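Peer 1: I'd like to go over a predicted model; first the sequence, then the structure.
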Amino acid sequence: MKVLAAAIAIAVGAIGPGIGIGMIGAKAAEALGRNPEAESVVRTTTILALAFAEAIAIYALVVALVLKFT
């Protein structure tokens, strides 16, 4: 049961960041297509948003590891 709970935790915890990262990339490409001069601002904001989305996936990984090994 612990292994199944860990698998479900990481699966559910990775869906949101995966979708979020895809949406961030799509909107960044759309923004650059509309206004290429704003590349530095868009790049900075995109990298920051990607880091926050990845942090959520790492939290899900930590929860899964705690469930598996305790």
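Peer 2: Sure, I can see it.
Peer 1: Do a quick rundown of the helices in the protein.
Peer 2: With DSSP state H as the criterion, the chain has helices at 2-34, 39-69.
Peer 1: Grab the nearest non-local neighbour of Ala60.
Peer 2: Gly13 (2.2 Å; Cβ to Cβ, 6 or more residues apart in numbering). All C-beta spots, glycine's among them, are computed from the backbone N, C-alpha and C.
Peer 1: what does Glu39 give?
Peer 2: Take Glu39 and drop its neighbours on the chain: the residue closest to it by Cβ to Cβ, 6+ apart is Leu32, 6.2 Å away.
Peer 1: Correct me if wrong: Leu61 contacts Gly13.
Peer 2: Yes - in this structure, Leu61 is within contact of Gly13 by Cβ atoms under 8 Å, at 7.3 Å.
Peer 1: The two - which one has more neighbours?
Peer 2: Gly13 (19 against 15; other Cβ atoms under 10 Å).
Peer 1: Can you tell me how far that one is from Gly20?
Peer 2: According to Cβ to Cβ, to the nearest Å, Gly13 and Gly20 sit 12 Å apart.
Peer 1: repeat for Ala28
Peer 2: 12 Å.
Peer 1: And for Leu65?
Peer 2: 22 Å.
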